[in-house]
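J.: Need a 3D model of the sequence below.
(one chain, ligands or ions: 1)
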Amino acid sequence: MALPSGISFSSTHAVQLPARFNAAVPFIDRHLAEGRASKAAILTREETVTYAELGERVNRTGNALLAFGLEPGDRLLMVVKDCPAFFYLFWGAIKAGVVPVPPNTLLRAPDYAYMIEDSGCRLVVYSSEFTAEIEPALKQLGDKAPKAVTVDAFLTDMAKAPSTLEARLAGPEDDCFWLYSSGSTGRPKGAVHAQRDMVVTSELYGVRVLGVTEQDISYSAAKLFFAYGLGNGMTFPLWVGGTAVLDDRRPTPDTTFSNIETFKPTIYYGVPTLYAAQLAALETGRRDLSSLRACVSAGEALPGDMFRRWKEQTGTLILDGIGSTEALHIFIGNRLDDFRPGTSGKPVPGYEVRILDENGDPVAKGESGRLWIKAESAAKYYWNKPEKTAETMVNGWLNTGDTYREDQDGYFIYEGRSDDMLKVGGIWCSPVEIENCLVGHPAILEAAVIGQSDEQGLIKPRAIVVLKQPADAGAALTDALMAHCKKTLAPYKYPRWVEYMPELPKTATGKIQRFKLRS
Ligand code: 3UK
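T.: You can find the predicted model right below:
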């Protein structure tokens, strides 16, 4: 399909955009002009939303946000499950010049309190499922709390707002939306993305690597709040005038397979943890996955063995690719016509990739080092965090924090993180956060958390704890510690194993040496 008018890519894959631009025009409005008014943009178990309905609701939402008193540049925190209202809020905000910030919906009240304060958002819109975490967060902020409204209440206001809205034009590099990303220490960082960034990922990875077209029906088990899901389940289909399947339930083998059977998507996007559970389920019952032309995996490395078993069971390839919140989407990936199991594939055309040693010099081919990338879709900075920005974004290059090696044929092999961060089910998990939670339990003196591979070769947190009363050690305390973490933290962060030790290895300055525990 032709690119939207005014947008082009050079032979080196550099994007050219109009000097005055609003991303909602090519992603939403264009489809009405191009005759897709009655085509399905979104499918859910409850409803089908056409491009005409989507365009109108985006306009009404933009108007409703302005009527709430939001002004261009103001942030909207949208803690919203995967449902059509996510699209209305995200694009309605962008079209009106408001900056949407969709955080992970699995977090807890203290995380949201932090993000509300850090973002300085003027409004919080949240799905009522998350009331138990959002209300205490707002309460904790007292007088400083912004206005907040549930999605259902917002939709009632939206329905009354005017149905036309002029897109507020901006520069292609002006702030458009943020995504929060966590680090091993300190609070989550708001990665600020520009108007052009979704254009770059949708065209360079979505169209040119995956070959997404108007005929594709995309289904992402990875949620929209995740940069991966945001591309898979929203920006790629909207970029080509295709169709997205949304499901607000927690993805399980059963929900994902039944969605594939019902909606017959052509592309499915998952994470390794879910593929592992799906593979286990396929051993006991066959499912009809024949609509799929491709599967994609990201978030953490996909073991080569899972690639082979999936191909055997389903006949479909899983294309593993590495992306990040900062880069917005996948920058090294496998392709249907060029893949190697157990690797992340090759650089996506338009993304520059370097593996550097400790001195910042390129390593010889085959040697491992720190992966840096240069991307037109990269976040420009972290909100309010100049030191983190300076560490991560250097002269237009992004420090991924990953260790990689390039094999002789140009495939990139993941070799782990260069910090202590863990990816659990594709989502960031900070050992420090779990350690702090464990130390909050009355029985614990000290704790260290490291990643450990489970039977599938996927990383899960393991806790090593020192007790105040060593005699308390045992299965009952292990259960209590797991329950304590599940209740205090986002549930996927709880330690799957607890080990008791008399003391922890530390540096002279008292820092826990997690690397010694890993060996
Ligand atoms: C790790 C991988 C090995 C790696 C993401 C696709 O995961 C995404 O973004 P995050 O900011 O995390 C980024 C970090 O996750 N990682 C991601 N994919 C892989 N490691 N193999 C992989 N295939 O440490 C990376 O630095 O949560 C993934 C698209 C958009 C994304 N935001």
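
J.: Compute the number of surrounding residues for the residue in the stretch 1-150 of the chain that the ligand sits nearest to.
T.: Taking CB to the nearest ligand atom as the measure, the stretch 1-150 of the chain has residue 104 as its residue closest to the ligand, at 9.3 Å. In short, each C-beta sits where N, CA and C put it, glycine included. Residues within reach of residue 104, counting by other CB atoms under 10 Å, total 20.

J.: Quick check: chain neighbours aside, which residue is closest to it?
T.: Among residues not flanking residue 104 along the chain, residue 225 sits closest, at 5.3 Å (CB to CB, 6 or more residues apart in numbering).

J.: Checking that neighbour next. Helix, strand or coil?
T.: coil (DSSP: H, G, I helix; E, B strand; the rest coil).

J.: quick one on the thing from earlier: so what's the residue of the stretch 1-150 of the chain closest to the ligand scoring on pLDDT?
T.: If you check residue 104, the pLDDT there is 96.

J.: And residue 512, by the same measure?
T.: 83.

J.: residues in contact with it?
T.: 435, 446, 448, 504-506 (CB atoms under 8 Å, 6 or more residues apart in numbering).

J.: Near the residue of the stretch 351-500 of the chain found nearest the ligand, how many other residues are there?
T.: Closest residue of the stretch 351-500 of the chain to the ligand, CB to the nearest ligand atom: residue 414 (4.0 Å). Neighbour count of residue 414, defined by other CB under 10 Å: 20.

J.: likewise residue 35?
T.: 10.

J.: same deal with the one 10 residues further on?
T.: Using other CB under 10 Å, residue 45 has 14 other residues around it.

J.: What's the separation between the closest residue to it other than its chain neighbours and the ligand?
T.: Spatially, and ignoring its direct neighbours in sequence, residue 45 is nearest to residue 247 (6.8 Å; CB to CB, 6+ apart). The gap separating residue 247 from the ligand is 19 Å, by CB to the nearest ligand atom, to the nearest Å.

J.: sorry, back to before: who wins for neighbours among the contacts of residue 512?
T.: Neighbours here mean other CB under 10 Å. Within these, the largest count is held by residue 448, at 26 neighbours.

J.: so that residue is in which element?
T.: For residue 448, the host element (DSSP states H and E) is strand 444-453.

J.: What ranges does the stretch 1-150 of the chain have for its strands?
T.: Ranges of strands in the stretch 1-150 of the chain, per DSSP state E, counting those that start in this stretch, are 8-9, 15-16, 40-43, 48-50, 75-79, 99-101, 123-126, 147-150.

J.: ah, wrong one, I meant the stretch 201-350 of the chain
T.: With DSSP E, counting those that start in this stretch as the criterion, the stretch 201-350 of the chain has strands at 217-220, 243-245, 267-270, 294-297, 318-323, 330-333, 346-347.

J.: can you tell which of those is closest to residue 2?
T.: strand 243-245 (19.3 Å; CB to CB).

J.: and the residue nearest the centre of the chain, what does it touch?
T.: When CA atoms, centre = their mean is applied to the chain, the residue found nearest the centroid is residue 226 (2.0 Å). Residue 226 is in contact with 104, 299, 426-427, counting by CB under 8 Å, 6+ apart.

J.: need the contact list for the residue nearest to residue 104.
T.: 80, 102-105, 179.

J.: Just the closest residue of the stretch 51-200 of the chain to the ligand, please.
T.: Counting by CB to the nearest ligand atom, the stretch 51-200 of the chain gets nearest to the ligand through residue 181 (5.0 Å).

J.: these two touch, right, that residue and residue 327?
T.: No: using CB atoms under 8 Å, residue 181 is not in contact with residue 327; the gap is 10.6 Å.

J.: near the ligand, which residues of this structure?
T.: 181, 227-228, 298-301, 320-325, 329-330, 344, 400-402, 414, 417, 423, 428 (CB under 6 Å from any ligand atom).

J.: if we go to 5 Å?
T.: With CB under 5 Å from any ligand atom as the criterion, the chain comes near the ligand at residues 181, 227-228, 298-299, 301, 320, 322-325, 329-330, 400, 402, 414.

J.: re earlier: could you pull up phi and psi at the residue nearest to residue 45?
T.: phi -140, psi 130 (degrees, to the nearest 10).

J.: Please name the residues that touch it.
T.: So residue 247 contacts 44-45, 82, 255, 259 (CB under 8 Å, 6+ apart).

J.: Show me just the buried residues among the residues you listed.
T.: Using 16 or more other CB atoms under 10 Å as the burial test, these include 44, 82, 259 as buried.

J.: re earlier: which single one of the contacts of residue 512 is nearest to residue 484?
T.: residue 435 (12.7 Å).

J.: Just to check, the closest one is in contact with residue 448?
T.: Yes: if you go by CB under 8 Å, residue 435 and residue 448 touch, sitting 6.3 Å apart.
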